[in-house]
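>>> Quick check, what structure comes out for this input:
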Amino acid sequence: MGDQLTAGKLKELVGRRWDSTDAGRVLKFWRASGLSMNAFGAQHGLVAQRLSWWNKRLGDWRDSDAEPGLIPAVVVGASALSAAVAIRLPGGVVLEVADPGGVEPAWIAAVVGFLSRSA
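Here you go, the predicted structure:
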């Protein structure tokens with residue numbers, strides 16, 4: 001199977017056992033869809049638990065195929081008097097970081113990425 005997964009090729013995988021390469025392609029296709037795991041599974045005849053199982057094993061946010069991207073975010077509360085910041089994500093999710101200097105930027109990016117996919 002080539003690198004690019006399409007809905008037609010995904011149908012071929014529905015009833016088969018996946019290896020990590022197959023699962024990685026399906027997870028990438030799911031993330032690109034913008035759908036929740038349940039909605040994606042229902043649309044393509046997959047059980048969401050199967051996606052979840054593979055996502056826990058392969059869903060590393062540092063995936064080399066992952067494209068860097070920006071999401072709308074507003075930083076509030078950052079001033080000389082207050083170092084705390086709040087990052088407002090789409091869907092009303094707010095990530096508050098009391099001491100951004102004490103937290104690795106990669107960790108903040110990972111949390112924002114996870115929350116963006118989960119919203």
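>>> Residue 29: how many residues sit nearby?
By other C-beta atoms under 10 Å, the residues close to residue 29 number 18. C-beta coordinates here come from the backbone N, C-alpha and C atoms, glycine included.
>>> Now do the contacts for the closest residue to it other than its chain neighbours.
Leaving aside its sequence neighbours, residue 29 sits nearest to residue 5 (C-beta to C-beta, 6 or more residues apart in numbering; 4.6 Å). By C-beta atoms under 8 Å, 6 or more residues apart in numbering, residue 5 lies in contact with 25, 26, 28, 29.
>>> Considering those residues, which is situated nearest to residue 53?
Relative to residue 53, the closest of those is residue 26; by C-beta to C-beta it sits at 11.5 Å.
>>> Please list all residues in contact with the closest one.
Here residue 26 is in contact with 5, 10, 13, 18, 46, 51, 54 (C-beta under 8 Å, 6+ apart).
>>> Can you go through the residues you listed and name the buried ones?
Neighbour-count burial (16 or more other C-beta atoms under 10 Å) applied to the contacts of residue 26 gives 5, 10, 13, 46, 51, 54.
>>> could those residues be laid out in CSV, adding distance to residue 115?
Output for these, formatted as CSV (distance: C-beta to C-beta, whole Å):
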residue, distance to residue 115
5, 25
10, 26
13, 28
46, 23
51, 18
54, 20
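>>> Using CSV, lay out those residues together with secondary structure and pLDDT.
Listed next are the buried ones among the contacts of residue 26 as CSV, based on DSSP: H, G, I helix; E, B strand; the rest coil; pLDDT from 0 to 100:
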residue, secondary structure, pLDDT
5, coil, 80
10, helix, 86
13, helix, 86
46, coil, 92
51, helix, 91
54, helix, 89
